[in-house]
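Visitor: Sequence plus predicted model, see below.
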Amino acid sequence: MTFFNFIVYVVIGVSAVLSYFVLANWAHDYLVGKFSKKNLQDSIFRPWIFMAPALIILLVYLIYPVSETIRLSFFDNYGREFTGVSNYVWALNDSDFRQSILNNFLWLIVVPTTCTFLGLTIATLADRVWWGVFAKTLIFMPMAISFVGASVIWKFVYEYRGAGNDQIGILNAIIVYFGGHPHAWIAIPFWNNFFLMVIMIWIQTGLAMVIFSAALRAIPEETLEAARIDGASEVRIFFYIIIPFLSETIVVIWTTITILVLKVFDIVLAMTNGQWGTEVLANLMFDWMFRGGGDSGRGSTIALFIMLGVIPIMIWNLRRFKMEQER
Amino acid sequence: MSEIVIKNLNKYYGKNHVIQDVSLNIDSQSFTVLVGPSGCGKSTILRMIAGLESINSGTISIDGNIVNDLSPKDRNIAMVFQSYALYPHMTVYNNMAFGLKLEKLTKDEIDSRVYDAAKILQIEELLQRKPKQLSGGQRQRVAIGRAITRKPKVFLFDEPLSNLDAALRVQMRVELAKLHDQLDATMIYVTHDQTEAMTMADKIVVLDQGKISQSGSPMDLYHNPKNLFVGGFIGSPKMNFIKTRILKKSSQSISIDLLGQKSFLLKKTGTNLKTGDEITLGIRPEHLKISKDLKNAWKGKVFVVEKLGSGTFLYLDKEGEPLVVETDGDSKIKVGDTINVAFNPDKCHVFNANKEVI
């Protein structure tokens, strides 16, 4: 029965969209033909008919939430009373918020750089060994795992049991095997941030690697041979020829991962829930917004700070994209 | 001095034996052209000389030193590629200076070498541009300039003119020949275009399926092809081939069947051929004459007339490939005419069943 319903909904949906375009187009032709002497092909209204559904969806799901978030950030916890900038003042003085900003910064510096670096290195090296394809498959696989799933896996890796007990976490097991002492890794302030970043790097390196692999293939072999004849060593070729060739790809990968990192949430929630100094903005926002009764004012304020972080990268990306188009 | 000696060179790609026991001497300061159809192994040989391709057996030596195991940069060579292979992110100046910087030359030395090369190639005003702002011909000049600045013993060219349009190709051909005179360097040039080979080479090496078919001076190859392949490859339009057989053999001459119309006497002595043997008669379009003389002549019907201004090519209907005849530019012969074509017996080549000349 559900399957039947599903089919019905699909048919209804598709035909609704189709009839919208057909009818709107027909109405447009009829009205424009009646009131204007100009050629129908030149009509300035027609593009709007076709863009309208997308614009409406954008408006409802993007513009409205943003403006509503901005509004809520100036109101109290229930969104009823106007409180001015008090939420912002609170945020800037809140130690958790400051910690989150700092941690987000740390993530921003470490994760995109490491992913890009590892992805490029692995993509380059994997092409030179016979087991490269196998290695690439292994490195790409984490891409298929969700952040929460990956966190569960790594929770086991970092698992801690008191000294003297059997260590079920592989990291502690190895350390104990070599005569060291077990540690509760995710509870060691400051360094635990890096242990969480490892998870994101583990997942995202595959993406960087695959894109770099494709980009490397696009470099003409003759250019590399010319450099070889010119007397360049393989290392020099890598830095002076290959890297400049890949500069666009590097920027794309770096920004993609940067934006992803700005929104990091699931890993922190699943691993530490922001304890032991690992709080990040997205998790803090979630905390204020939905936990302990919820405070839509403070939650919205934090959300806006995240948006503030993403916007410059977005603008830069769009500008770069436009420049590429114009070239 | 930069003589190149290749001895018993072999190369396999898997089971494919792509270079089969090639031996070749390339004189110092010569312009040698390796020519052949695609897949004949000419580029592979060049790349083996450059060190970009490994050698399965045999040796390559430059100036008496075996270079088999030397990396490209230690062979003192420069190479110009068909795709130009410029570094797209560097200016023309930096493209040309890249190798020099790696050699750790002084700034002044690099400057003077780049400007000298740019002057020779007339690309001085392009030095600050990026490759993508250049036309194909300009890019090829930069690629050549990059080779010149390094002052190598040996220049290797891998079909450098193939990506240029016809007019530019002719111009660059002349300039390359001039460059060879100016630089006094050994140049090895790979092409599939027999015109380039004929016009530029001191020595042409014709390759066919991984083997040297024949090597020698352009005129030697033109006048005395050793086999059917070289006869057909050198010269444009290509040599006419007529499959026929020996009617009668005497001690001084052989008499052959001329397209079923007439018997034809050729002075050939000391051949192993017998009466009745299958042979191929080869004659170039320029060695066929339209005349009233009926001796050693053949009558045929014209079905295509190609007027080039300087000359006219007539395509005559015969069994198999048409017979091409070159005649005057202002010839009045039209499609459909039947003409009498006289064969110059001194210019005829006879190939046996093994496709070798006799």
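Guide: Right, received. Where do you want to start? Residues are numbered from 1 along each chain as shown, chains lettered A, B, ... in the order given.
Visitor: residues in the stretch 101-250 of chain B within reach of chain A, list them.
Guide: Neighbours of chain A within the stretch 101-250 of chain B, by C-beta under 8 Å from any C-beta of the partner chain: B:102-103, B:146, B:150. All C-beta spots, glycine's among them, are computed from the backbone N, C-alpha and C.
Visitor: Swap in 6 Å and give it another go.
Guide: Residues of the stretch 101-250 of chain B lying near chain A by C-beta under 6 Å from any C-beta of the partner chain: B:Leu102.
Visitor: now the strands for the stretch 101-250 of chain B?
Guide: B:154-158, B:186-191, B:203-208, B:211-216, B:240-249 (DSSP state E, counting those that start in this stretch).
Visitor: Quick check: closest non-adjacent residue to A:Thr114.
Guide: Excluding the flanking residues, the one nearest A:Thr114 by C-beta to C-beta, 6 or more residues apart in numbering or on different chains is A:Ile201, at 5.2 Å.
Visitor: what's in contact with stretch A:286-302?
Guide: Stretch A:286-302 is contacted from outside by A:69, A:72-73, A:75-77, A:79, A:87-88, A:91, A:281, A:284-285, using C-beta atoms under 6 Å, 6 or more residues apart in numbering or on different chains.
Visitor: Quick one: which of the residues you listed is the most crowded by neighbours?
Guide: The most neighbours of any of the contacts of stretch A:286-302, using other C-beta atoms under 10 Å in any protein chain shown, belong to A:Leu284, which has 28 neighbours.
Visitor: And it, which helix or strand is it part of?
Guide: helix A:281-290 (DSSP states H and E).
Visitor: so what's residue 259 up against?
Guide: By default, I'm working from chain A. A:Ile259 makes contacts with A:310, A:313, as judged by C-beta under 6 Å, 6+ apart.
Visitor: wait, chain B
Guide: Per C-beta under 6 Å, 6+ apart, neighbours of B:Leu259: B:298, B:318.
Visitor: Please, where are all the helices along chain B?
Guide: Using DSSP state H, the helices of chain B run over B:42-50, B:92-102, B:107-121, B:136-149, B:166-183, B:194-200, B:218-223, B:228-233.
Visitor: Tell me which of the ones you listed sits nearest to A:Ser100.
Guide: Evaluated over the helices of chain B, closeness to A:Ser100 peaks at helix B:92-102, with 45.8 Å, by C-beta to C-beta.
Visitor: Show me which residues of that closest one are buried.
Guide: Of all the residues in helix B:92-102, those buried under the rule 16 or more other C-beta atoms under 10 Å in any protein chain shown are B:92-100, B:102.
Visitor: Need the CA coordinates for it. CSV is fine.
Guide: Taking Å, rounded to 0.1, in the frame of the first residue of the first chain, the C-alpha atoms of helix B:92-102 are listed here in CSV:
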residue,chain,number,x,y,z
VAL,B,92,57.8,32.9,-21.9
TYR,B,93,61.0,34.2,-20.2
ASN,B,94,60.6,31.8,-17.3
ASN,B,95,59.7,28.9,-19.7
MET,B,96,63.0,29.5,-21.4
ALA,B,97,65.0,30.1,-18.2
PHE,B,98,63.6,27.2,-16.2
GLY,B,99,66.3,24.7,-17.3
LEU,B,100,69.0,27.4,-16.8
LYS,B,101,67.9,28.2,-13.3
LEU,B,102,68.1,24.5,-12.5
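Visitor: Share the number of residues neighbouring the closest residue to B:Tyr222 other than its chain neighbours, please.
Guide: Spatial nearest neighbour of B:Tyr222, excluding adjacent residues (C-beta to C-beta, 6+ apart): B:Ile234 at 5.6 Å. Residues contacting B:Ile234 under the criterion other C-beta under 10 Å number 25.
Visitor: Next, the contact list for B:Ile234, please.
Guide: Contacts of B:Ile234 (C-beta under 6 Å, 6+ apart): B:194, B:221-222.
Visitor: switch the cut-off to 7 Å
Guide: B:194, B:198, B:221-222, B:225 (C-beta atoms under 7 Å, 6 or more residues apart in numbering or on different chains).
Visitor: pLDDT value on it, please?
Guide: B:Ile234 carries a pLDDT score of 89 in this model.
Visitor: mind checking how far it is from A:Ala144?
Guide: Distance from B:Ile234 to A:Ala144, counting by C-beta to C-beta, to the nearest Å: 61 Å.
Visitor: returning to what we had before: now the residue nearest to B:Tyr222. Its backbone dihedrals?
Guide: The phi/psi pair for B:Ile234 (degrees, to the nearest 10) reads phi -90, psi 130.
Visitor: Now the residue nearest the centre of chain A. Nearest residue, chain neighbours left out?
Guide: Centroid-nearest residue in chain A, with C-alpha atoms, centre = their mean: A:Leu260, separated by 1.9 Å. Distances taken as C-beta to C-beta, 6+ apart place A:Gln204 nearest to A:Leu260, at 7.0 Å, with adjacent residues excluded.
Visitor: list the buried ones in the helix holding A:Leu284?
Guide: A:281-289.
Visitor: List every C-alpha atom in the helix or strand of chain B with the lowest mean pLDDT, with coordinates, as CSV.
Guide: When each helix and strand of chain B is scored by mean pLDDT, DSSP states H and E, strand B:262-266 comes last, with a mean of 70. Output of strand B:262-266 as CSV, limited to C-alpha atoms (Å, rounded to 0.1, in the frame of the first residue of the first chain):
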residue,chain,number,x,y,z
LYS,B,262,52.4,-3.6,-74.9
SER,B,263,55.7,-5.2,-74.0
PHE,B,264,58.4,-2.9,-72.6
LEU,B,265,62.2,-3.4,-72.5
LEU,B,266,64.2,-2.6,-69.4
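Visitor: tilt between that strand and strand B:240-249?
Guide: On the basis of axes from the mean of the first three to the mean of the last three C-alpha atoms, to 10 degrees, strand B:262-266 is oriented at 80 degrees to strand B:240-249.
Visitor: ok so, going back, among the buried residues of helix B:92-102, which one sits closest to chain A?
Guide: B:Gly99 (3.6 Å; C-beta to the nearest C-beta).
Visitor: which residues sit in contact with that closest one?
Guide: By C-beta under 7 Å, 6+ apart, the contact list for B:Gly99 reads A:230-231, B:146, B:149-150.
Visitor: give me the low-pLDDT residue ranges for chain B?
Guide: B:1, B:260-262, B:268-271 (pLDDT under 70).
Visitor: gap between B:Glu321 and B:Lys301?
Guide: 15 Å.
Visitor: still on that earlier bit, show me which residues of the least confident helix or strand of chain B are buried.
Guide: In strand B:262-266, counting by 16+ other C-beta under 10 Å, buried: B:264-266.
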